[in-house]
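*Asks:* The sequence and its predicted three-dimensional model are supplied below.
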Amino acid sequence: MDVVKRICDCVAVISNGELIEQDTVSEVFSHPKTPLAQKFIQSTLHLDIPEDYQERLQAEPFTDCVPMLRLEFTGQSVDAPLLSETARRFNVNNNIISAQMDYAGGVKFGIMLTEMHGTQQDTQAAIAWLQEHHVKVEVLGYV
């Protein structure tokens with residue numbers, strides 16, 4: 001996918017000899033429609049959970065824990081100050097653990113690992129708001 005990002009204008013995704021997705025590079029990278037295209041995009045951006053977090057990460061919430069989130073930004077959501085906006089709107093604090101951004105077809109996209117500190121109600125509202133603003137949010141666990 002690195003070569004596609006650098007030199008192509010359009011891209012086609014073929015599975016088992018069948019064309020399953022075709023569009024501009026920017027559209028496929030920012031809004032992949034098929035699971036295979038999503039897998040290709042995720043292979044270009046990958047963040048491992050740091051070891052010290054991995055050791056503390058629990059699947060279920062516990063007392064005084066915070067959710068660890070994996071955020072995927074594409075298109076307009078990359079340039080918007082969404083984390084600072086969630087802090088103001090929902091009284092949450094975001095601790096960025098790791099992030100990676102890239103460009104393809106003139107479009108930025110990226111992923112980020114964060115901790116979101118706040119009440120359960122505020123963090124749930126902030127997560128829903130991020131999703132409404134085209135950020136893919138995955139709760140990886142609790143630390």
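*Replies:* Great, that's in hand.
*Asks:* OK, contacts around the residue lying closest to N95 once chain neighbours are set aside?
*Replies:* Of all residues not flanking N95 in the chain, E115 sits nearest, at 4.2 Å (CB to CB, 6 or more residues apart in numbering). All C-beta atoms are positioned from the backbone trio N, CA, C, and that covers glycine. By CB atoms under 8 Å, 6 or more residues apart in numbering, the contact set of E115 is 66-69, 94-95, 97, 143.
*Asks:* same deal with S26?
*Replies:* 104-107.
*Asks:* quick revisit: from the contacts of E115, list the buried ones, please.
*Replies:* 66-69, 94, 97, 143 (16 or more other CB atoms under 10 Å).
*Asks:* Looking at these, point me to the pair that's furthest apart.
*Replies:* N94 and V143 (13.7 Å; CB to CB).
*Asks:* Show the average pLDDT along the helix ranked longest in the chain.
*Replies:* Using DSSP state H to define each element, the chain has its longest helix at helix 120-132. For helix 120-132, the mean per-residue pLDDT is 97.
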